[in-house]
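**Student:** missing the sequence, but the structure's below:
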């Protein structure tokens, strides 16, 4: 009896995990606007009043400033004051002249600001360091260590842009790539020189797109998914209900992959001074030997890290027996812009960062970096709206979506903010479904050419676990009052016809609300919006051609457009004030000190986050993995949970 009780407990845990997993699929990995059961919330919610922004309206045909970087060296009296500031700066801000800034680009790159004790890389701080180093007379150049990255193409594009901006100062950027695939090389080819060790792993073999299907696995387990999706491209339900890819799904993925691959070929061929056909032919040869890469002009030389340092010493005229003065990315983040005379102007533009899966309220187990908490973001939006010191606002979005209600409430607040001052949405790797829902509340939407966006569609569903229960000898009986009371409670049976009809109507209602608000926000007719909605995911470039995005570019272009809309001269400096500046939590500080108990806490929190949205598919949408032939491990958290369940029987 004890053993049976233990098995039943593990079974219940496994079932709970399946429920959480399905929520993850419908809320984030698939860029779905609705979380599991979310469409039910729309049935009882009163319609919102719509207020168009008074300052401006969205217009994809309008010309906007590019925000391109124009390097102007600091001279005269300002140069003298900067030198004086550096002499009197805090000790940790002081550097020797001729210092080399070293940055290791590897693994996950967050779009949020990190605290001093936070692990991992932060895109805002990387870009900020590039900008400061451009004007810092003590920095002679940058030495980039580029290893396997786990981020989307928009972040890669932003980093590449800052490398090219830095080079406008006349300083050099050298890349060292011990392991390199398409994303890593995309960044490296923007550098002046590219080095690799003789044993380097290179796999420039092309790009793939993968879409996993779980129907067969679920059938074997006795689990029947009941899914209602609206939008022929909203393919998250396909993962559960199909065993192969639909024609619409195939069409969407092919278009996304073609856009990314074409962009990669164009940028790399331009950077290396080759024809696009030559690059493509080289890719198709399957070359992995670094010697061949050097012969074909993809590498500057094949040498080890210490040999690169020796060459840099010669370049900077440092004696071989002396150490090359260096400062790493983390330490250089402590150098203030004001120390370098880059404090900005009097006018303030607020930037509010929204990164991760969307939830309405914060749970007791949430971490500071666990996604977008609707009620907290709304507080920041209202703070900007109620303050006269901000001339404009930028909503920086890197989100695959999530809770439908939270997305709608944030959309409402962004619309209210846009009615009082200019609001620009700046998209990072992904701003789709709930992420796009937020963006469409802004007056102007700016995206990178490869930002994944759109996905205006909904999906909702439940699991019928009747056969599974029968296999394991489990039974569940329900006593209910109310015709539809068992709609969400009775997972041991299929939906009745009347329940299925209500299920379908609620999903249709949620989709129409989303689509109609998108049409209103983008100044389109509903019929026109329907043509580009239906759950389809677009790259930023294609989204712009269909009126879902206004301009292509990064954060700098968003700032330039904000200045234009706020009637601030484009050549005047402004101060972009981060409203999401982190303060280190106690667990973060302890983690930074290597406390093992907090390490356990971190692991536990990461496990809980994986149940709500997975880093593996966060920016790849709908279980899609844009990978190379030697891509990330193909481990899927869904499959891991199934394996865990099987082991519990």
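**Tutor:** Looks like it arrived, so ask away. This one's a predicted model, so the numbers in the text were calculated from it and none came from an experiment.
**Student:** Which pLDDT does the model give the residue lying closest to residue 99 once chain neighbours are set aside?
**Tutor:** By the measure of C-beta to C-beta, 6 or more residues apart in numbering, the closest residue to residue 99 outside its immediate chain neighbours is residue 325, 4.5 Å from it. The way it works is simple: take the backbone N, C-alpha and C, and place the C-beta from them, glycine included. Note for residue 325: predicted pLDDT of 96.
**Student:** Point out where the chain drops to low pLDDT.
**Tutor:** In the predicted model, the chain carries pLDDT under 70 at residues 1-61, 116-117, 363-370, 581-649.
**Student:** For the closest residue in space to residue 136 that isn't next to it in sequence, grab the count of nearby residues.
**Tutor:** Excluding the flanking residues, the one nearest residue 136 by C-beta to C-beta, 6+ apart is residue 340, at 5.5 Å. By other C-beta atoms under 10 Å, 23 other residues sit near residue 340.
**Student:** How about residue 577?
**Tutor:** Per other C-beta under 10 Å, the neighbour tally for residue 577 reads 15.
**Student:** Give me the contact list for the helix or strand containing it.
**Tutor:** Assigned by DSSP states H and E, residue 577 belongs to strand 575-578. Residues outside strand 575-578 that contact it (C-beta atoms under 8 Å, 6 or more residues apart in numbering): 113, 124, 343-351, 353, 390, 394, 559.
**Student:** Buried ones among those?
**Tutor:** For the contacts of strand 575-578, a burial check counting by 16 or more other C-beta atoms under 10 Å picks out 113, 124, 347, 348, 349, 350, 351, 353, 390, 394, 559.
**Student:** Was I right to think residue 232 contacts residue 530?
**Tutor:** No. If you go by C-beta atoms under 8 Å, residue 232 and residue 530 don't touch, sitting 11.0 Å apart.
**Student:** a helix runs through residue 237, doesn't it?
**Tutor:** Yes. Assessed by DSSP: H, G, I helix; E, B strand; the rest coil, residue 237 belongs to a helix.
**Student:** Could you report the neighbour count for the residue nearest to residue 99?
**Tutor:** Using other C-beta under 10 Å, residue 325 has 15 other residues around it.
**Student:** now do the one 5 residues further on
**Tutor:** Using other C-beta under 10 Å, residue 330 has 15 neighbouring residues.
**Student:** Tell me which residues touch residue 139, please.
**Tutor:** So residue 139 contacts 95, 99, 100, 101, 133, 171, 327 (C-beta under 8 Å, 6+ apart).
**Student:** Check those residues for burial and list the buried ones.
**Tutor:** 95, 99, 100, 101, 133, 171, 327.
**Student:** Residue 311 versus the residue nearest to residue 99, what's the distance?
**Tutor:** The gap separating residue 325 from residue 311 is 16 Å, by C-beta to C-beta, to the nearest Å.
**Student:** Repeat that for residue 69.
**Tutor:** From residue 69 to residue 311 the distance is 28 Å (C-beta to C-beta).
**Student:** Also residue 420?
**Tutor:** Applying C-beta to C-beta, the value for residue 420 to residue 311 is 55 Å.
**Student:** how much space between the closest residue in space to residue 138 that isn't next to it in sequence and residue 87?
**Tutor:** Among residues not flanking residue 138 along the chain, residue 95 sits closest, at 4.4 Å (C-beta to C-beta, 6+ apart). Noted for residue 95: a distance of 12 Å to residue 87, by C-beta to C-beta.
**Student:** again, but for residue 565
**Tutor:** 40 Å.
**Student:** Which one of the two is surrounded by more residues?
**Tutor:** For residue 565 versus residue 87, neighbours defined as other C-beta under 10 Å are more numerous around residue 565 (21 against 8).
**Student:** which residues does the spatially closest residue to the more buried one that is not a sequence neighbour contact?
**Tutor:** Nearest residue to residue 565, sequence neighbours excluded (C-beta to C-beta, 6+ apart): residue 422, at 3.5 Å. Residue 422 makes contact with 55, 56, 391, 392, 393, 443, 444, 562, 565, 566 under the criterion C-beta under 8 Å, 6+ apart.
**Student:** What about the residues you listed, which are in strands?
**Tutor:** Among the contacts of residue 422, the residues falling in strands (DSSP state E) are 391, 392, 393, 444.
**Student:** for residue 336, what are its contacts?
**Tutor:** Contacts of residue 336 (C-beta under 8 Å, 6+ apart): 89, 93.
**Student:** for it, helix, strand, or coil?
**Tutor:** Following three-state DSSP, residue 336 is assigned to coil.
**Student:** now it: how far from residue 146?
**Tutor:** Residue 336 sits 27 Å away from residue 146, going by C-beta to C-beta.
**Student:** Equivalent analysis for residue 460, please.
**Tutor:** Relative to residue 146, residue 460 is positioned 42 Å away (C-beta to C-beta).
**Student:** List the buried residues for the helix or strand harbouring residue 217?
**Tutor:** Assigning secondary structure by DSSP H and E places residue 217 in helix 215-221. By 16+ other C-beta under 10 Å, the buried positions in helix 215-221 come out as 215, 217, 218, 221.
**Student:** ok, for the first one, nearest residue in space, not its chain neighbours?
**Tutor:** By that I understand residue 215. Sequence neighbours aside, residue 243 is the residue nearest to residue 215 in space, at 4.8 Å (criterion: C-beta to C-beta, 6+ apart).
**Student:** Can you give me the neighbour number for the one you found?
**Tutor:** Neighbours of residue 243 (other C-beta under 10 Å): 11.
**Student:** ditto for residue 83
**Tutor:** Neighbours of residue 83 using other C-beta under 10 Å come to 13.
**Student:** can you tell me which residues contact it?
**Tutor:** residue 137 are the contacts of residue 83 under C-beta under 8 Å, 6+ apart.
**Student:** Hmm, the residue nearest to residue 138 is touching residue 327, no?
**Tutor:** Yes. At 5.8 Å, residue 95 and residue 327 qualify as touching, with contact defined as C-beta under 8 Å.
**Student:** need the contacts of residue 139 in JSON lines with distance to residue 319, can you?
**Tutor:** Formatted as JSON lines, these follow (distance: C-beta to C-beta, whole Å):
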{"residue": "95", "distance to residue 319": "19"}
{"residue": "99", "distance to residue 319": "16"}
{"residue": "100", "distance to residue 319": "15"}
{"residue": "101", "distance to residue 319": "21"}
{"residue": "133", "distance to residue 319": "24"}
{"residue": "171", "distance to residue 319": "21"}
{"residue": "327", "distance to residue 319": "20"}
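**Student:** Residue 64: which of those residues is nearest?
**Tutor:** Here the nearest of the contacts of residue 139 to residue 64, counting by C-beta to C-beta, is residue 133; it sits at 28.0 Å.
**Student:** and residue 336, backbone torsions?
**Tutor:** The phi and psi values for residue 336, taken as degrees, to the nearest 10, are phi -80, psi 150.
**Student:** From here on, call the first residue 34.
**Tutor:** That works, and once the first residue is 34, the last one we named lands at residue 369.
**Student:** any idea how far residue 175 is from it?
**Tutor:** Relative to residue 175, and taking C-beta to C-beta, residue 369 is found at 19 Å.
**Student:** got it, and residue 307?
**Tutor:** 25 Å.
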